[in-house]
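1. Below are the sequence and a predicted model; questions follow.
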Amino acid sequence: MSSSDSESENSGPTESPAKSLKSHPNAIAGTKDNSSRSIPLERLKFIPLRLSAHERMLLNVLTNALEVCEYTDVVDVTFSHTRKSKLSRIMESLVDILSISAGLVVANNLNKGEQLISKTLNENVPFFSDLFEIGRRYKIMNPSKMRSTYGKLVYILMDTESYAVKSELNINFIKPILTVYSFAKQKNCVDILSDPLWVEASMAISSDYGARARFEIDEMTQRKQQALAKLVEKYSQGASGPLTAEEVHRIVDSIADDEAYIAFNVRPVERALELLKTYFHPEKPVPPFQLDLTSRGGFGKKLGGGFSSFSSFGSGFSSGFLGSGAKLSHSHATQYRFVLQSLTLWREIMQSMPRLWLFADHDMTNESYRLVDTGQGYQRLQSCPNVRQEMSAILRRVQAEAGQWVGLSVVHLADRDVPNALVFIDKYTQVPRILAPIVQCIESLPQLAEDMPFHAYVQGEWGSIDSLRMQILSDFFKHGFDGSGDDGGSCIDGRLTSAWNWCSQLHKKPYYHVFMFTGFQGFDGDWKAN
């Protein structure tokens with residue numbers, strides 16, 4: 001996603017999200033003529049609304065309060081040294097987070113803080129429900145943010161919905177995520193969202209257009225600005241419209257944020273698909289870069305003197321290097337289809353991520369849970385009916401397109417592998433983080449080859465840039481989809497697990513330094529970025 005933060009809310013869950021299982025509409029791209037198109041209302045129900053300046057201030061309050069909160073450490077334990085019941089620990093921890101938040105509001109704005117602390121808890125419920133909704137909305141369109149605090153927020157809200165806590169407090173801290181659609185509905189102006197000008201004003205203009213001339217990009221930018229000016233003129237209160245000029249801008253920016261978010265998620269997957277189709281034949285392998293897999297252990301042939309001097313192997317070394325963890329046995333043609341179908345599935349999931357986020361939010365805040373030892377520590381095991389239904393619909397679409405399906409069709413949800421919707425959504429936010437560095441490395445090779453020392457290094461180790469490219473791609477398409485990993489295999493989630501397992505082994509690969517030359521710093525982003 002772009003560096004500008006985007007936020008969103010969704011009215012989908014308020015209208016039973018399991019009901020709307022239509023495919024995600026195509027992203028609004030910059031085209032020659034958007035004058036007759038409009039954004040489907042169904043999509044607008046899943047586009048969160050950007051935070052206002054005031055909401056950003058409250059977001060800082062919430063994130064700082066969650067940073068110092070130790071909620072899960074106190075609540076999600078099988079034995080407490082305080083010898084207090086779980087309900088008592090939940091109530092005390094909930095009071096702590098509310099008190100810390102109120103104190104930070106006082107420190108931020110004395111007048112507002114005095115108004116807050118002079119009221120009872122029941123009177124302050126609307127404030128805290130707004131505060132928690134802002135955090136949930138912000139996270140949906142900024143998955144790289146709040147990575148150490150969002151889990152605490154969700155688990156707090158899970159517990160406030162439990163029967164015991166509701167019986168004790170009789171309050172509700174959960175409100176629906178605010179989306180573009182629900183915001184327009186509050187303003188009684190849903191009908192204006194069918195105006196094609198919203199498409200024009202929010203269309204994506206990316207530097208990836210490549211062949212487009214500078215004047216064409218300038219023309220598209222000018223069209224966007226003109227469309228935005230027309231929307232403000234038509235629908236702002238200055239023209240007796242239902243919205244202020246700032247609210248018109250928020251809606252446009254929210255839709256544009258959604259475009260940027262989808263592009264950030266989808267582009268690495270589409271580029272990986274292009275690389276697979278460009279450099280590998282579906283039926284005819286080209287040794288030594290064939291994709292066939294065997295589940296037998298071992299490193300296969302020992303390659304000369306270790307990690308270097310690969311030029312003695314002609315066009316490169318076998319992609320079987322460091323492939324001892326494979327759990328699948330596939331021919332080249334079968335593995336090609338397996339990778340193609342996996343990447344196609346990921347592309348569809350990335351297109352539907354805004355929907356999946358909102359379904360996950362609805363499931364996490366409405367379904368009961370139990371604490372279970374999953375083999376990876378104690379986790380909250382919770383049913384995910386809406387996420388499951390959406391994933392099943394996506395999988396059916398991909399399988400219908402793919403024809404003969406390779407591997408299992410099992411989607412792990414609400415079990416020991418994927419105990420709840422939070423774990424599920426966290427798994428699939430990794431897809432662009434996995435693929436983007438690989439795509440960046442491959443796309444950077446021609447430019448790097450212009451540097452003579454680097455070119456000499458590649459010539460000495462791999463023989464040519466083409467051999468290096470094929471080595472990286474064949475190794476990833478082979479061992480990034482070999483079923484390895486703790487819960488790997490050919491199931492839907494096992495495909496992602498084996499790709500992540502490949503990433504964890506990158507530092508052992510002979511081409512690791514090539515990744516470093518392309519600016520690679522890791523697959524996991526900046527964990528502390530809020």
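-> That came through, no problem.
2. which residues touch residue 495?
-> With contacts defined as CB atoms under 8 Å, 6 or more residues apart in numbering, the neighbours of residue 495 are 342, 345, 407, 481. In short, each C-beta sits where N, CA and C put it, glycine included.
3. What strand or helix carries it?
-> Using DSSP states H and E, residue 495 falls within helix 492-504.
4. Which is the succeeding secondary structure element to that helix?
-> Heading C-terminal from helix 492-504 (DSSP H and E), you reach helix 512-517.
5. Give me the buried stretch members for that next one, please.
-> Residues of helix 512-517 classed as buried: 514-515, 517 (neighbour count, 16 or more other CB atoms under 10 Å).
6. Stretch 423-438 too?
-> Using 16+ other CB under 10 Å as the test for burial, stretch 423-438 gives 423-438.
7. Please name every helix or strand in contact with whichever strand or helix holds residue 254.
-> Using DSSP H and E, residue 254 falls within helix 245-279. Using 3 or more CB pairs under 8 Å, 6 or more residues apart in numbering; DSSP states H and E as the contact test, the elements touching helix 245-279 are helix 121-141, helix 180-186, helix 197-202, helix 214-235, helix 332-351, helix 353-366, helix 430-448, helix 465-479.
8. Show me which residues of the fourth one are buried.
-> Read that as helix 214-235. 220, 223-224, 227-228, 231-232, 235.
9. Taking helix 245-279 as reference, get the angle to that helix.
-> Relative orientation of helix 214-235 and helix 245-279, computed by axes from the mean of the first three to the mean of the last three CA atoms, to 10 degrees: 150 degrees.
10. quick one: contacts of helix 214-235?
-> Here helix 214-235 has contacts from 30, 189, 192, 195, 197-198, 200-203, 205, 209, 238-239, 241-243, 245, 248-249, 252, using CB under 8 Å, 6+ apart.
11. Can I have the buried ones of the residues you listed as a PyMOL selection?
-> Of these, the buried ones go into a single PyMOL selection, burial set by 16+ other CB under 10 Å:
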select buried, resi 30+189+192+195+197+198+200+201+202+203+205+241+242+243+245+248+249+252
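12. Poorly predicted segments of the protein, please.
-> 1-36, 206-213, 239-240, 296-324, 486-488, 525-530 (pLDDT under 70).
13. So which residue is smack in the middle of it?
-> residue 429 (2.9 Å; CA atoms, centre = their mean).
14. Give me the nearest residue to that one, chain neighbours excluded.
-> residue 143 (4.4 Å; CB to CB, 6 or more residues apart in numbering).
15. That neighbour and residue 428 touch, don't they?
-> No: contact criterion CB atoms under 8 Å: residue 143 and residue 428 do not qualify, at 9.5 Å.
16. All the helices of the stretch 1-150 of the chain, residue numbers only.
-> For the stretch 1-150 of the chain, the helices defined by DSSP state H, counting those that start in this stretch cover 41-44, 53-67, 71-75, 86-108, 110-117, 121-141, 150-160.
17. Out of those, which gets nearest to residue 263?
-> Across the helices of the stretch 1-150 of the chain, residue 263 has its closest neighbour in helix 121-141 (12.8 Å, CB to CB).
18. In the closest one, which residues are buried?
-> 124-125, 127-129, 131-141.
19. Check which helices and strands it sits against.
-> helix 53-67, helix 86-108, helix 150-160, helix 245-279, helix 353-366.
20. among the ones you listed, which is nearest residue 385?
-> Counting by CB to CB, residue 385 lies closest to helix 353-366 out of the helices and strands packed on helix 121-141; the figure is 6.6 Å.
21. what's the offset of that closest one from the middle of its chain?
-> 12 Å (CA atoms, centre = their mean, to the nearest Å).
22. what angle separates it from helix 121-141?
-> Using the same axes, to 10 degrees, helix 353-366 lies at 150 degrees relative to helix 121-141.
23. Tabulate the CA atom coordinates of helix 353-366 in PDB.
-> Extracted C-alpha coordinates of helix 353-366, given in PDB (Å, rounded to 0.1, in the frame of the first residue of the first chain):
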ATOM      1  CA  MET A 353      -8.900  -9.000   1.400                       C
ATOM      2  CA  PRO A 354     -11.100  -5.900   2.300                       C
ATOM      3  CA  ARG A 355     -14.100  -8.300   2.400                       C
ATOM      4  CA  LEU A 356     -12.200 -11.000   4.400                       C
ATOM      5  CA  TRP A 357     -11.000  -8.400   6.900                       C
ATOM      6  CA  LEU A 358     -14.500  -7.300   7.600                       C
ATOM      7  CA  PHE A 359     -15.800 -10.800   7.800                       C
ATOM      8  CA  ALA A 360     -13.000 -11.700  10.200                       C
ATOM      9  CA  ASP A 361     -13.700  -8.700  12.300                       C
ATOM     10  CA  HIS A 362     -17.400  -9.700  12.500                       C
ATOM     11  CA  ASP A 363     -16.500 -13.300  13.400                       C
ATOM     12  CA  MET A 364     -13.900 -12.300  16.000                       C
ATOM     13  CA  THR A 365     -16.300 -10.000  17.800                       C
ATOM     14  CA  ASN A 366     -19.400 -12.100  17.700                       C
END
